[in-house]
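# how would this look folded up:
(4 chains)
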2 protein chains.
Amino acid sequence: MDDRKRQILKAIVDDYVETAEPVGSKTLVERHSLQFSSATIRHEMAELEEMGYLEKPHTSAGRMPSDKGYRAYVDNMLSLPEISPHEALDIQRFLLENLDEARELIVRAAEYLAGKTNYLSVALSPQYSDSSLEQIKILMIEPGRAIVVLVLSAGVVHDRLIRIPAMLDENQLDQIARAVERCLAGKKLDDITLVTISSAADDTGLPEALVNQVLYEAYVAIKQTEKIEIYMDGKYHLLKHPEFRDVDRANRFYQAVHQENMVAGYMMEMKQELEEKKAEYCGFEFDCLETLPAPPEAKASYMVRIGQEIALDGMEDMSFVSTTYRIGRYISGQIGVIGPKRMQYGNIISQISFVNKALTEAADEHYGRTHADERKE
Amino acid sequence: MDDRKRQILKAIVDDYVETAEPVGSKTLVERHSLQFSSATIRHEMAELEEMGYLEKPHTSAGRMPSDKGYRAYVDNMLSLPEISPHEALDIQRFLLENLDEARELIVRAAEYLAGKTNYLSVALSPQYSDSSLEQIKILMIEPGRAIVVLVLSAGVVHDRLIRIPAMLDENQLDQIARAVERCLAGKKLDDITLVTISSAADDTGLPEALVNQVLYEAYVAIKQTEKIEIYMDGKYHLLKHPEFRDVDRANRFYQAVHQENMVAGYMMEMKQELEEKKAEYCGFEFDCLETLPAPPEAKASYMVRIGQEIALDGMEDMSFVSTTYRIGRYISGQIGVIGPKRMQYGNIISQISFVNKALTEAADEHYGRTHADERKE
DNA sequence: ATTGGCACTCGGTCGCTTCGAGTGCCAATA
DNA sequence: TATTGGCACTCGAAGCGACCGAGTGCCAAT
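Sure, this is the predicted structure:
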């Protein structure tokens, strides 16, 4: 593909993204001040179509980009706008203001992205399988009920209400908790199994019958910590876009997106691929902002899936931009945006990458010292 | 309004609810085996229209119910189908299966309702302002961070991560927690203020500077417990219904529903009204099912808001069915359904009322003994 | 290789007609 | 007097043809 073709394709995508109308040779020349005549453009367009980058809805209509066309655009002719310092402050504030739980961070990030892009944002909660258990405490609420509090490396705290044998008293419970902690502390969550945990039973000097139920509940609490949640925000935005004038289409899409497990699974796959460096696009970097000095490892790498490339039923005419966020060394998750194929890729990618970066930094800030400790090693 | 008019109005509503088409005199006779001729019906319809119960989209079209028509239908000609034992088991299982947190109950109830009705379900989390604080524990995670665990009457547990002065040790923290508990135990959450809680400071014998931050954080944790959350499920259902063929309309509705605070506030108002016995419809009772013997206070009372009656922008052509659920004596919340005015009122009301009942019972079951204790008094 | 010119295409819009389910009214009937 | 069958009328929906215009492909001239 020569340079002129590239220029024309870019103009077509830009135009179509803006207007949502098939674009013809003449308007293209007018609107994008190209230095060739419309006839030349027609020539080139015909060739681009033959090569598969463009499509016509019917013979006498203008052209619109095909999936392949968008792909080429994203691969080769993307310009990534910088995030203004004003916006950067905005998002920092949005993420951190009145923040209690770190868990809330990812929800807020998704909310921000949705608001900013006018598309659907999707986020997976951090994956803790690789972090290790530091502390476990069991607190009696009343006879028969207790609360398990787990502290992971990097200072993440999770808890869960459990039922325990009614005759256990506080001391015994504490004994059990200590035994479990001795047995598991420092272990990766992933490596903790029912077998591992039950070896703590001998250590307590209490009758097995009493201990086992507690161990099991603690085990469940730990496993639950590993469960990945999915958050979405901005579903209501999509109806605004012309591609959803067709209710049936909108309906089909919403049914698809409602299958949260499917979407989450697919995002995990994308994450996997990004990690295996199969990712198409890496090395995007921000330097627009001094207030947030980026640590060298904070380069955001993202992934774009266009139309048919998305292996999810009902998403054939959407695009999915996705990126992996990191919190500390061992914790990561996924955050992205789903919108019509006709999206402002550059803008969206900038936004996502920046939110990603801000998210990481906000988490660092929130975990503060803890995390700093971890870094020292 | 004489009996025949009532019969005809009912037939029209039933028909329109089913077909979503304005209904004419002739089809009405055919489909509902009425014992009058179409001419008579036309007469009556003209009168019903004059009285404001019916509307015509244009001169030569059939009639459809007005808000007032639906209102009359709901007030006077509703038949409430019984819930089958099969369904009853279904919902019990759905609510209780693998349930950890009681908080999850209301989410599941909303989910169930949405699935069952094909409309949007909306639920408010339980309101704890009237329950009292029983225990407060503060558990140190690491220097500078701790977790506050609150136990309310009825066994409800809430917690929150807090920051504390880094120099506090576990013992001191425990001392503070005990002081707070002595000071607040048994008090209604509503009655706890910054003033009340700060009187615990003297009791610790520790320097005020150290204690105050912890007290403040504990206070915030308590107040946060009172915060009411709103859950919605089934937004994606609404696009299936013919009233949402019009994307703009759908869009307007989704924007409205997205203002969750508005919706929550409105539901609180409805709850208020229900409690003040201004409620239009009370005393609906279930007796279809032996497996769930209803305690005498479990009568469900519900409220229907139709079209313009809903004081929320963008909901003018929806209906809102709402009901108050109770958990124990002092805890209650709101659960309801929003759908097109053209809804199967009888069916929906039955479902909601039953879910309400099941929810109460599931909560009882889950809190088990604790709650039973409360009842003894 | 690029361009201006020209004949051709085809979806969208506008106006017209037809169709049919609906109405209102009236005169006949029980 | 209340009910009914009959009939003329209404009006939106659907179908049809003409027209418009933004678009194309192709060709001959530069």
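# In the stretch 201-350 of chain A, where is pLDDT below threshold?
Counting by pLDDT under 70, the stretch 201-350 of chain A shows low-confidence ranges at A:277-300.
# quick one: the strands in it?
A:230-233, A:281-284, A:300-306, A:318-327, A:331-340 (DSSP state E, counting those that start in this stretch).
# Show me what residue of the stretch 1-150 of chain A gets nearest to DNA strand D.
A:G24 (2.3 Å; Cβ to the nearest atom of the strand). Every residue, glycine included, has its C-beta placed from N, CA and C.
# Now do the same contact list for the most centrally placed residue in chain A.
By Cα atoms, centre = their mean, chain A has its centre lying nearest to A:I335, at 1.2 Å. By Cβ atoms under 8 Å, 6 or more residues apart in numbering or on different chains, the contact list for A:I335 reads A:106, A:109-110, A:113, A:121-124, A:322-323, A:325, A:352, A:355-356, A:359.
# who's it bridged to?
Counting by DSSP bridges, A:I335 forms beta bridges with A:A123, A:T323.
# Give me the three-state assignment for the nearest residue to A:A102 once chain neighbours are set aside.
Nearest residue to A:A102, sequence neighbours excluded (Cβ to Cβ, 6 or more residues apart in numbering or on different chains): A:H366, at 5.3 Å. When classified by DSSP: H, G, I helix; E, B strand; the rest coil, A:H366 comes out as helix.
# Can you give me the pLDDT of A:H366?
Note for A:H366: predicted pLDDT of 79.
# With the one 4 residues further on instead?
A:T370 is assigned 47 on the pLDDT scale.
# now the one 3 residues further on
For A:D373, the pLDDT comes out at 46.
# do the same with A:K68
pLDDT, read off for A:K68, is 97.
# how many other residues sit next to it?
As a burial measure, A:K68 scores 17 neighbours (other Cβ atoms under 10 Å in any protein chain shown).
# just the one 3 residues further on next, same as before
The burial metric for A:R71, expressed as a neighbour count using other Cβ under 10 Å, is 18.
# At the contact with DNA strand C, which residues of chain A appear?
A:4, A:35-40, A:43, A:57-61 (Cβ under 7 Å from any atom of the strand).
# okay, the residues you listed in CSV with neighbour count next?
Formatted as CSV, these follow (neighbours: other Cβ atoms under 10 Å in any protein chain shown):
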residue, neighbour count
A:R4, 14
A:Q35, 8
A:F36, 16
A:S37, 12
A:S38, 16
A:A39, 11
A:T40, 15
A:H43, 14
A:P57, 10
A:H58, 6
A:T59, 5
A:S60, 7
A:A61, 13
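# Tell me which of these fall in helices.
Members of the residues of chain A next to DNA strand C lying in helices (criterion: DSSP state H): A:R4, A:S38, A:A39, A:T40, A:H43.
# if we take these, which one ends up nearest to chain B?
A:S38 (34.7 Å; Cβ to the nearest Cβ).
# okay, that closest one: pLDDT?
94.
# ok now do it, which residues does it touch?
A:S38 makes contact with A:S25, A:K26, A:L28, A:V29, according to Cβ under 8 Å, 6+ apart.
# What's the local residue count around the residue nearest to it when sequence neighbours are not counted?
Closest residue to A:S38 apart from its sequence neighbours, by Cβ to Cβ, 6+ apart: A:S25 at 4.2 Å. Neighbours of A:S25 under the rule other Cβ under 10 Å: 23.
# Could you check how far A:S25 is from A:H43?
9 Å (Cβ to Cβ, to the nearest Å).
# Also A:N76?
Separation of A:N76 from A:H43 (Cβ to Cβ) stands at 21 Å.
# go on, A:F320?
34 Å.
# what does A:Y128 give?
57 Å.
# For A:V157, give me phi and psi.
phi -120, psi 130 (degrees, to the nearest 10).
# For it, give me its contacts.
A:V149, A:L150, A:V151, B:I141, B:I147, B:L161.
# now with 6 Å?
Shown in contact with A:V157 (Cβ atoms under 6 Å, 6 or more residues apart in numbering or on different chains): A:V151, B:L161.
# Please report the separation between the first and final residues of stretch A:305-320.
5 Å (Cα to Cα, to the nearest Å).
# and that stretch, does that touch chain B?
No. Legend: contact between stretch A:305-320 and chain B by Cβ under 6 Å from any Cβ of the partner chain is lacking; minimum distance shown is 11.5 Å.
# Show me which residues of chain A sit near chain B.
A:137, A:139, A:141, A:151, A:157, A:161, A:236, A:239, A:245, A:247, A:250-251, A:254, A:258.
# From those residues, which land in helices?
A:V247, A:A250, A:N251, A:Y254, A:H258.
# Grab the nearest non-local neighbour of the second one.
Nearest-residue entry for A:A250: A:F244, 4.3 Å, with adjacent residues in sequence omitted and distances by Cβ to Cβ, 6+ apart.
# Wait, the one you found touches A:F253, no?
No. In this structure A:F244 lies outside contact range of A:F253 using Cβ atoms under 6 Å: 7.5 Å.
# Tell me which of those two has more neighbours.
Under the neighbour definition other Cβ under 10 Å, A:F244 and A:F253 were set side by side, and A:F253 has more, 24 against 21.
# measure the spatially closest residue to that one that is not a sequence neighbour to DNA strand C for me?
Spatial nearest neighbour of A:F253, chain neighbours left out: A:G314 (5.8 Å); criterion: Cβ to Cβ, 6+ apart. Distance from A:G314 to DNA strand C, counting by Cβ to the nearest atom of the strand, to the nearest Å: 24 Å.
# and A:G314, how many neighbours does it have?
Neighbours of A:G314 (other Cβ under 10 Å): 18.
# Equivalent analysis for the one 10 residues further on, please.
Close neighbours of A:T324, defined as other Cβ under 10 Å, add up to 22.
# now the residue in the stretch 251-377 of chain A that DNA strand C sits nearest to: how far from A:Y53?
At 16.6 Å from DNA strand C, A:R342 is the closest residue in the stretch 251-377 of chain A, using Cβ to the nearest atom of the strand. For A:R342, the distance to A:Y53 equals 15 Å [Cβ to Cβ].
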